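Student: what's the 3D shape of this:
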Amino acid sequence: MTSTLEIKNLVAVIDGKQVLNGITLTVPQGEVHAIMGPNGSGKTTLSQVIMGHPKYKVVSGSVRFNDQDVLALTPDKRSELGLFLAFQYPKEIPGVKLLTFLRMIYNLKTKQRLTIMQFRKVLDPLLAALQVDATFLERYLNTGFSGGEKKKAEVLQMALLQPAIAVLDETDSGLDIDALRTVCEGVQLLKQQTGMGVLMITHYNRILDYLTPDVVHVMIDGKIVRSGSKEFAKEVEEKGYDWLREGSV
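Tutor: Numbering: from 1, shown residues only. Alright, predicted model coming up:
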């Protein structure tokens, strides 16, 4: 069964300010959808609402996944259902080793109680496939990590959890070209191996050179104003967002 994330007429507010103004979007498993838009257009708000951040209040509309009402679920239940959020700025957690964290989330996902030795049999093939050095596991989660290392740790989490749909919130933030290429290759590998769908939020076109989208959406003022192909994304980068805001389509 192919999983589908369906968002219809979604309106959401934070601190009394309406940020999403009627978002309608469908992301099937196996496809890559990119959302572009200027600062303040509501892109990150959409990712937070999808995963259930308590600061954001949904006024109207719906978010359904596998024909279930996502908005009625807590964030952990949304994750169990097959949704995953990669943060723009992953939190640092001093004192918790990456290996410990990964084993914990895997055991919770699979409802197992694997020992470290048992878990390494699951993890080591993923390290090899994603070209992650095993010494990485002994460092505290995201503490002192470079931008690329933080995003690589999230790709490793995706590989373990195997979500049906991954939401990538500005994964290209803070990455140089080499780090961006490495992270995107990891996401592409997971997509090929698991059939994962991707909802990718970005400011810039450059990430689309490494993770080719099936559809590109432009969000302005809390609405999706136009959708198109990768070539449309290049046109947006050349012309900027004002031509869409002004209705010159």
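
Student: please count neighbours and contacts with C-alpha atoms only from this point.
Tutor: OK.

Student: for Ser248, give me the pLDDT.
Tutor: The per-residue pLDDT reported for Ser248 equals 40.

Student: one more: Lys57?
Tutor: On the pLDDT scale, Lys57 is placed at 95.

Student: what do you get for the one 4 residues further on?
Tutor: At Gly61, the model reports a pLDDT of 96.

Student: with adjacent residues omitted, what lies nearest to it?
Tutor: Closest residue in space to Gly61, ignoring its immediate chain neighbours: Leu10 at 4.1 Å, by C-alpha to C-alpha, 6 or more residues apart in numbering.

Student: state whether that neighbour is indeed within a helix.
Tutor: No - looking at Leu10 with DSSP: H, G, I helix; E, B strand; the rest coil, it is strand, so not inside a helix.

Student: now do the top helix by length along the chain: distance to the chain's middle.
Tutor: For the chain, the helix with the greatest residue count under DSSP state H is helix 177-194. Centre-to-centre, helix 177-194 and its host chain are 13 Å apart (C-alpha atoms, centre = their mean, to the nearest Å).

Student: would you mark the buried spots in it?
Tutor: Using 16 or more other C-alpha atoms under 10 Å as the test for burial, helix 177-194 gives 179-191.

Student: which SSE is immediately downstream of it?
Tutor: Using DSSP states H and E, the helix or strand that follows helix 177-194 towards the C-terminus is strand 197-202.

Student: strand partners of that next one, parallel vs antiparallel please.
Tutor: Here strand 197-202 has these sheet partners by DSSP bridges: strand 32-36 (parallel), strand 165-169 (parallel).

Student: now do the helix or strand that the first one is followed by: which elements does it pack against?
Tutor: Scanning forward in sequence from strand 32-36, with DSSP H and E defining helices and strands, the next element found is helix 43-51. Based on contacts counted as 3 or more C-alpha pairs under 8 Å, 6 or more residues apart in numbering; DSSP states H and E, the elements that helix 43-51 packs against are strand 17-28, strand 56-65, helix 75-81, strand 83-86, strand 165-169.

Student: and the contacts of the longest one?
Tutor: Looking back up the chat, that one is strand 17-28. 2-13, 33, 41-42, 45-46, 61, 197-199, 221-224 (C-alpha atoms under 8 Å, 6 or more residues apart in numbering).

Student: repeat that for the last one.
Tutor: With C-alpha under 8 Å, 6+ apart as the test, strand 165-169 has contacts from 3-5, 29, 44, 47, 82-88, 158, 196-202.

Student: apart from its chain neighbours, what residue comes closest to Thr44?
Tutor: In this structure, Thr44 finds its nearest non-sequential neighbour in Asp169, 6.4 Å apart by C-alpha to C-alpha, 6+ apart.

Student: next one: Arg181
Tutor: The shortest distance from Arg181 to any non-neighbouring residue, by C-alpha to C-alpha, 6+ apart, is to Tyr210 (6.2 Å).

Student: Asn66 too?
Tutor: Spatial nearest neighbour of Asn66, excluding adjacent residues (C-alpha to C-alpha, 6+ apart): Ser3 at 5.4 Å.

Student: which parts of the helix or strand of the chain with the lowest mean pLDDT are buried?
Tutor: None of the helices or strands of the chain scores lower by mean pLDDT, DSSP states H and E than helix 242-245, at a mean of 80. Neighbour counts over helix 242-245 (16+ other C-alpha under 10 Å) mark Leu244 as buried.

Student: do stretch 16-35 as well
Tutor: Across stretch 16-35, burial judged by 16+ other C-alpha under 10 Å covers 18-24, 27-35.

Student: now the two most distant members of those.
Tutor: Greatest spacing in the buried residues of stretch 16-35, by C-alpha to C-alpha: Gln18 and Gly30 (31.5 Å).

Student: re earlier: narrow the contacts of strand 17-28 to just the buried residues.
Tutor: With neighbours counted using 16+ other C-alpha under 10 Å, these contain these buried positions: 3-7, 9-13, 33, 41-42, 45-46, 61, 197-199, 221-224.
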